[in-house]
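A.B. asks: Here is my input; please provide its structure:
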Amino acid sequence: MHILQGLAVHLWLQHQVVLLWLVMISGCIGSHMPRRFRHWSWIDGWEISR
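C.D. replies: Sure, this is the predicted structure:
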C-alpha cells in the first residue's frame with residue numbers, strides 16, 4: 001500500500017504534502033495494529049498459526 005501512496009506523490013505534485021501525510025499516518029497505524037491484523041495478506045489471507 002505504501003508503494004502506491006508513494007507513487008501518487010509523484011503523480012499529483014500539487015497534493016504532495018497531503019499525500020505524504022497520508023503515507024505517514026497509514027504507516028503509523030499499520031505498525032501499531034495488533035499482530036493478527038498486521039500479518040494479513042491480500043494474496044494469502046490470514047496468517048496460519050503454527
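
A.B. asks: C-alpha from now on. contacts and neighbour counts both.
C.D. replies: OK.

A.B. asks: Give me the secondary structure label for residue 33.
C.D. replies: Assigned with DSSP: H, G, I helix; E, B strand; the rest coil, residue 33 falls in the coil class.

A.B. asks: Next one: it from residue 13, what distance?
C.D. replies: Applying C-alpha to C-alpha, to the nearest Å, one obtains 30 Å for the distance of residue 33 from residue 13.

A.B. asks: which SS state does residue 7 fall under?
C.D. replies: Taking three-state DSSP, the label given to residue 7 is helix.

A.B. asks: Can you list phi and psi of the closest residue to residue 46 other than its chain neighbours for me?
C.D. replies: Residue nearest to residue 46 in three dimensions, not counting chain neighbours: residue 40, with 4.9 Å by C-alpha to C-alpha, 6 or more residues apart in numbering. Backbone dihedrals for residue 40, given as degrees, to the nearest 10, come out at phi -90, psi 140.

A.B. asks: So what does residue 42 look like in phi/psi?
C.D. replies: Dihedral angles of residue 42 (phi, psi; degrees, to the nearest 10) stand at phi -60, psi -30.

A.B. asks: Run a quick neighbour tally on it.
C.D. replies: Applying the criterion other C-alpha atoms under 10 Å, we find 6 residues in the vicinity of residue 42.

A.B. asks: Please report the distance of it from residue 15.
C.D. replies: Noted for residue 42: a distance of 27 Å to residue 15, by C-alpha to C-alpha.

A.B. asks: got it, and residue 6?
C.D. replies: With C-alpha to C-alpha as the criterion, residue 6 and residue 15 are 12 Å apart.

A.B. asks: more neighbours, those two?
C.D. replies: residue 6 (15 against 12).

A.B. asks: contacting residues for the more buried one?
C.D. replies: Residues counted as contacts of residue 6 (C-alpha atoms under 8 Å, 6 or more residues apart in numbering) are 19, 20, 23.

A.B. asks: could those residues go into TSV alongside pLDDT?
C.D. replies: Below are those laid out as TSV (pLDDT from 0 to 100):
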residue	pLDDT
19	89
20	90
23	88
